[in-house]
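1. Compute the structure for the input listed below.
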Amino acid sequence: MKPAQFTHKLITWQRKHGRQTLPWQKQRTPYRVWVSEIMLQQTQVDTVIPYYHRFLQRFAHVKQLAAAAEDEVLALWSGLGYYRRARFMHQAARIIVNDHRGRFPRHITVLQKLPGIGRSTAGAILSLACGQAHPILDGNVKRVLCRFHAIDRPLNESAVIRTLWTYAEQLAHAAQEPAVYTQAMMDLGATLCRRTQADCLQCPLHASCQAKRQGIQAQLPRKTPKTALPLRQTRLLIIQSADNKLLLEKRPPSGVWPGLWSLPECPPSEDLGDWCRRRIGIQVKRIHCLTSFRHSFSHYHLDIEPVLIVPGRLHTLVQDHTTLAWHGLDALTDLGLPAPVSRLITTLQHASIPTSY
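-> Numbering: from 1, shown residues only. You can find the predicted model right below:
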């Protein structure tokens, strides 16, 4: 099948069967498409939709996002995961306002220079919002192309990625309606050419799909066998003051939960009393260890032991520390909190477990 035939079939299918009511398909400006594309990275559509609505309600324009404090941006992102995406969006918004007079770049090479925007994301933004012919290569597109061409090699091989980009470029430039075609590739992978239980009979490309002909569509795309994730352990300290405020620590801008507010984290190898005196300036009165739970990241498992610390004598270190601060429980929704920390605090509040004097 020639590229022009491929794209024509997909565009025809999209108009009849593709998704038409997703919130970011309305008023397709580069800014709105950008927000959706960043949120959809490694996150399911159903999860993204409520976050997208809340984010656009608060930051309807790039200038509003650029003017916001990072804590407010992260608070609206809290629970969505992969928080570096939000910080990159915030940085990019400020560059757009300061260097591009608030106008979203329409040239792909300029767009790719912004934090967090790679080749595929830039292509999606300019294709969907501006009708420009640019290839995309997200997870759905990789799966469709791997099956259509029966590429029976692991996706992480650089040669495979180069081949897929070549196919994607040929198709993008052959499409008569780039925006409709780009959405069609996304929708085909999301609704029919799924990772499991692909609905090949409804696919507009099934007659020419090489994987379907060979009966290997369920085996593609190939992936490198997963290795067991390493396990790490930590303790999160729940310390509440006499005036009902919770001690939180601002995470560094890199690493796990970058830029978020979290509970102070004490390594299991440390003595809690000594660590609290040295690191926080708090005299420990009582300790109560709660049930541990596991939180999994993409590259490791983290076993978390929550520890209630009833403080005795308070020193001045907390007031003077740049990353530690007391926060009222009623103001936590205004902060960016990691999802497991937010759930833990909510559980304790609902359980009415005393956390202080």
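2. center of this structure, which residue is that?
-> With the centre of the chain defined as its mean C-alpha position, the nearest residue by C-alpha atoms, centre = their mean is residue 82, 4.1 Å away.
3. following the host helix or strand of residue 48, which helix or strand shows up next?
-> Taking DSSP states H and E as the criterion, the element that holds residue 48 is helix 45-58. Tracing the chain past helix 45-58, the next element assigned as helix or strand by DSSP H and E is helix 62-67.
4. If I take whatever helix or strand comes next after that following helix and helix 45-58, what angle do their directions form?
-> For helix 62-67, the following helix or strand on the C-terminal side (DSSP H and E) is helix 70-77. Orientation of helix 70-77 against helix 45-58 (axes from the mean of the first three to the mean of the last three C-alpha atoms, to 10 degrees) gives an angle of 140 degrees.
5. Using CSV, list the CA coordinates for the helix or strand following helix 70-77.
-> For helix 70-77, the succeeding helix or strand toward the C-terminus, using DSSP H and E, is helix 84-99. Below are the C-alpha coordinates for helix 84-99, written out as CSV (Å, rounded to 0.1, in the frame of the first residue of the first chain):
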residue,chain,number,x,y,z
ARG,A,84,9.0,16.9,35.7
ARG,A,85,6.5,17.3,32.9
ALA,A,86,4.7,20.1,34.8
ARG,A,87,7.9,21.9,35.7
PHE,A,88,9.1,21.8,32.1
MET,A,89,5.7,23.2,31.0
HIS,A,90,6.0,26.0,33.5
GLN,A,91,9.6,26.8,32.3
ALA,A,92,8.5,26.6,28.6
ALA,A,93,5.5,28.9,29.2
ARG,A,94,7.9,31.6,30.7
ILE,A,95,10.2,31.2,27.6
ILE,A,96,7.2,31.7,25.3
VAL,A,97,6.1,34.8,27.1
ASN,A,98,9.6,36.3,27.6
ASP,A,99,11.2,35.3,24.3
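6. starting at the chain centroid, how far to helix 84-99?
-> Helix 84-99 has its average C-alpha position 15 Å from the chain's average C-alpha position, going by C-alpha atoms, centre = their mean, to the nearest Å.
7. what does stretch 159-167 give?
-> A distance of 25 Å separates the C-alpha centroid of stretch 159-167 from that of its chain, computed with C-alpha atoms, centre = their mean.
8. Please identify the buried residues of it?
-> Neighbour-count burial for stretch 159-167 flags 160, 163, 164, 167 (criterion: 16 or more other C-beta atoms under 10 Å). Backbone N, C-alpha and C define where each C-beta goes, glycine included.
9. so what secondary structure elements neighbour the helix or strand harbouring residue 15?
-> When secondary structure is defined using DSSP H and E, the element that contains residue 15 is helix 3-17. When contacts are defined as 3 or more C-beta pairs under 8 Å, 6 or more residues apart in numbering; DSSP states H and E, helix 3-17 packs onto helix 158-174, helix 178-191.
10. Can you spell out which helices and strands pack onto the longest one?
-> Packing partners of helix 158-174 (3+ C-beta pairs under 8 Å, 6+ apart): helix 3-17, helix 139-148, helix 178-191.
11. What ranges does the stretch 251-357 of the chain have for its strands?
-> For the stretch 251-357 of the chain, strands defined by DSSP state E, counting those that start in this stretch occupy the ranges 261-262, 265-266, 282-289, 293-296, 301-314, 324-328.
12. nearest to residue 192, of the ones you listed?
-> Of all the strands of the stretch 251-357 of the chain, the one in closest proximity to residue 192, counting by C-beta to C-beta, is strand 293-296 (29.4 Å).
13. what comes into contact with that closest one?
-> For strand 293-296, the surrounding residues in contact (C-beta atoms under 8 Å, 6 or more residues apart in numbering) are 229, 301, 302, 303, 304, 306, 340.
14. Next: stretch 82-101.
-> Contacts of stretch 82-101 from elsewhere in the structure, counted by C-beta under 8 Å, 6+ apart, are 34-35, 38-39, 41-43, 62-63, 65-68, 70, 73-74, 76-77, 80, 102-105, 114-117, 253, 257-260, 336, 338.
15. Buried ones only from these, please, as a PyMOL command.
-> Buried subset of these, written as a PyMOL selection, criterion 16+ other C-beta under 10 Å:
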select buried, resi 34+35+38+39+62+65+66+68+73+74+76+77+80+104+105+114+116+117+257+259+260+336+338
